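fold the following.
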Amino acid sequence: MSFEVLDFYEALADHYHLIFEDWDASITRQATALNSILRAILPNWPIKLLDCACGIGTQAIGFALAGHQVFASDLSSAAIARAQRSNDPRPSYRVCRLEHDLIE
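Here you go, the predicted model:
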């Protein structure tokens, strides 16, 4: 990822939730939709999930709320910090910063 793109996401992280009319409702809506897809192909629940580009944690939080064990990561340190702040009082999920771009 170029530094310009990463800089953009670093600056956006603290405000990203504002693109949603209701971020908490979006967490629930996305988790419901994604869980229905996963349930159709994965028989055993809850499952372990890797969200390798979690951003501020919108989908990772939803999966954790559904009872899954979630490991979330992102290249953006600011997004990771935001995701970690969002972890309380929601169910626990593990968040870390990726050291390498997954595309390279």
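
what about this protein, any weak spots by pLDDT?
1-3, 87-104 (pLDDT under 70).

just checking, what's the longest helix in it?
helix 23-41 (DSSP state H).

who touches that one?
Contacts with helix 23-41, where a contact means C-beta atoms under 8 Å, 6 or more residues apart in numbering, come from 17, 20, 45, 47, 58-59, 61-63, 65-66. All C-beta spots, glycine's among them, are computed from the backbone N, C-alpha and C.

can you flag the buried ones in those?
Among those, those scoring as buried are 17, 47, 58-59, 61-63, 65-66 (criterion: 16 or more other C-beta atoms under 10 Å).

taking the residues you listed together, which two end up most distant?
Distance extremes for the buried ones among the contacts of helix 23-41: the farthest pair is His17 and Ile47 at 25.6 Å, using C-beta to C-beta.

buried sites along the lengthiest strand in the chain?
Assignment by DSSP state E gives strand 69-74 as the longest strand of the chain. By 16+ other C-beta under 10 Å, the buried positions in strand 69-74 come out as 70, 72-74.

those into TSV, with extra columns for distance to Leu34?
Formatted as TSV, those follow (distance: C-beta to C-beta, whole Å):
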residue	distance to Leu34
Val70	12
Ala72	14
Ser73	18
Asp74	18
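
what's the closest of those residues to Leu6?
Using C-beta to C-beta, these come closest to Leu6 at Asp74, 10.3 Å.

does that closest one touch Ala53 like I think?
Yes: Asp74 lies in contact with Ala53 (C-beta atoms under 8 Å); the separation is 5.9 Å.

residues shared between the contacts of these two?
Counting by C-beta under 8 Å, 6+ apart, nothing touches both Asp74 and Ala53.

mind checking the SS state of the residue of the chain lying at maximal distance from its centre?
Farthest-out residue of the chain from its mean C-alpha position, per C-alpha atoms, centre = their mean: Pro43, at 22.8 Å. Three-state call for Pro43 (DSSP: H, G, I helix; E, B strand; the rest coil): coil.
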